[in-house]
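Engineer: Whatever this is, show me its structure:
(one chain, ligands or ions: 1)
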Amino acid sequence: MAHNLAQCQVLVKKAVAAGAKALFLPEAADYIGSSGAETVSLARSVEQSEFVQGLRKEAKEARLPINVGIHEPAQGGSKVKNTLIWINENGDIAQRYQKIHLFDVEIKDGPVLKESASVEKGMDILEPFETPVGRVGLAICFDLRFPEISLALKRQNAQLITYPSAFTVPTGRAHWEILLRARAVETQSYIIAAAQAGSHNDKRLSYGHSMIVNPWGEIVAKLGGDFSEPEIATADIDLDIVARVRRDMPLLRRTDVYPEV
Ligand SMILES: O=C(O)CNC(=O)[C@H](CS)NC(=O)CCC(=O)C(=O)O
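Structural biologist: I've put the predicted structure just below:
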């Protein structure tokens, strides 16, 4: 966790140097455990987490809002929450989202993961909130495969939607870009997808390819999948483009035919 904090501090420096108004870090940026038991044993409350406290300090010193995926202990102690927090420019934790969809897969000759064994599922979509870069809606990684969340966030006037992730390599290769661009086109929003890249331990490898997609579905910034040091992708967020795309092509829902989400 100390190492991950140091990596994130490199990213804060790079974001400040680039003149960024906000920094979006990946899912589970505090650590990736090599087993469910390890993931649970490492979880700390935000007050007790050196990782979170360290980032709060960075945010405050740089006056830079930071969105970051972390683990928190769930009630009872046998599971964790896969949480995404918004640390504002004063260093305060202003928003919190708990991952709704948990990644349970058994892919032939590919990853076998059962997130629900160690993670408690979230029960709520968080209402989008105002930030210096626009109105942000939060979702995490596997949530990307469920357009209902992004549509609900759009209905509540999100202008940017985040998908901090640690995608597996085979599923990332097959689906990452197409899903992110689809969510951008459907919601006519900016999609910010900060991704973990490379090897975590013997068992886990992440796809990387962080991306920022504009409301027309164009990739406006993109990173690779292999790094010697942490990298940032930057893009101008132009809320006039959000307004224009929505005005030029209104996507009026037929909630008389299908349910509203
Ligand atoms: O394990 C942790 O501590 C952090 N959580 C994750 O990395 C999660 C659960 S294993 N990863 C995903 O949801 C990948 C989804 C994915 O790869 C896909 O949808 O294809």
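
Engineer: Spell out which residues of the stretch 151-261 of the chain are next to the ligand.
Structural biologist: Ala166, Phe167, Thr168, Thr171 (Cβ under 6 Å from any ligand atom). Backbone N, C-alpha and C define where each C-beta goes, glycine included.

Engineer: How confident was the prediction at the second one?
Structural biologist: pLDDT recorded at Phe167 is 98.

Engineer: give me the number of residues near the residue in the stretch 151-261 of the chain positioned nearest to the ligand?
Structural biologist: Closest approach between the stretch 151-261 of the chain and the ligand, counting by Cβ to the nearest ligand atom: Thr171, at 3.0 Å. Thr171: 18 surrounding residues under other Cβ atoms under 10 Å.

Engineer: do Ser45 as well
Structural biologist: Neighbours of Ser45 (other Cβ under 10 Å): 9.

Engineer: could you measure it against the ligand, distance?
Structural biologist: As judged by Cβ to the nearest ligand atom, to the nearest Å, Ser45 and the ligand stand 17 Å apart.

Engineer: Under a three-state scheme, what state does that residue occupy?
Structural biologist: Here Ser45 takes the coil state, with states given by DSSP: H, G, I helix; E, B strand; the rest coil.

Engineer: So Ser116 lies in a helix, does it not?
Structural biologist: Yes - using three-state DSSP, the assignment for Ser116 is a helix.

Engineer: And for it, nearest residue in space, chain neighbours not counted?
Structural biologist: Leu102 (4.3 Å; Cβ to Cβ, 6 or more residues apart in numbering).

Engineer: Close to the ligand: what parts of the stretch 1-150 of the chain are there?
Structural biologist: Residues of the stretch 1-150 of the chain lying near the ligand (Cβ under 6 Å from any ligand atom): Glu27, Ala28, Ile32, Gly33, Thr39, Asn82, Phe103, Leu113, Glu115, Cys141, Phe142, Arg145.

Engineer: Show me which pair in the residues you listed is furthest apart.
Structural biologist: Spanning the widest gap among these are Gly33 and Arg145, at 22.6 Å by Cβ to Cβ.

Engineer: wait, what's in contact with Leu251?
Structural biologist: Residues near Leu251 by Cβ atoms under 8 Å, 6 or more residues apart in numbering: Glu186, Gln188.

Engineer: Where is the longest helix in the protein?
Structural biologist: helix 2-17 (DSSP state H).

Engineer: Would you mark the buried spots in it?
Structural biologist: Asn4, Leu5, Cys8, Leu11, Val12, Lys14, Ala15 (16 or more other Cβ atoms under 10 Å).

Engineer: Let's verify Asp143: helix, strand, or coil?
Structural biologist: helix.

Engineer: pretty sure it is touching Gln98, no?
Structural biologist: No - here Asp143 does not reach Gln98: they are 10.7 Å apart, not a contact under Cβ atoms under 8 Å.

Engineer: out of those two, which sits in the busier spot?
Structural biologist: Asp143 (29 against 19).

Engineer: Pull the contacting residues for the more buried one.
Structural biologist: Lys99, Ile100, His101, Ile149, Tyr163.

Engineer: and what of Lys154?
Structural biologist: Taking Cβ under 8 Å, 6+ apart, one finds Gly137, Ile161, Glu186, Thr187, Gln188, Ser189 in contact with Lys154.

Engineer: Among the residues you listed, which lie within strands?
Structural biologist: Using DSSP state E, the members of the contacts of Lys154 that fall in strands are Gly137, Ile161.

Engineer: Can I get the buried ones among the contacts of Lys154 as something I can paste into ChimeraX?
Structural biologist: With 16+ other Cβ under 10 Å as the criterion, this ChimeraX line picks the buried residues out of those:
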select :137,161,187,188,189
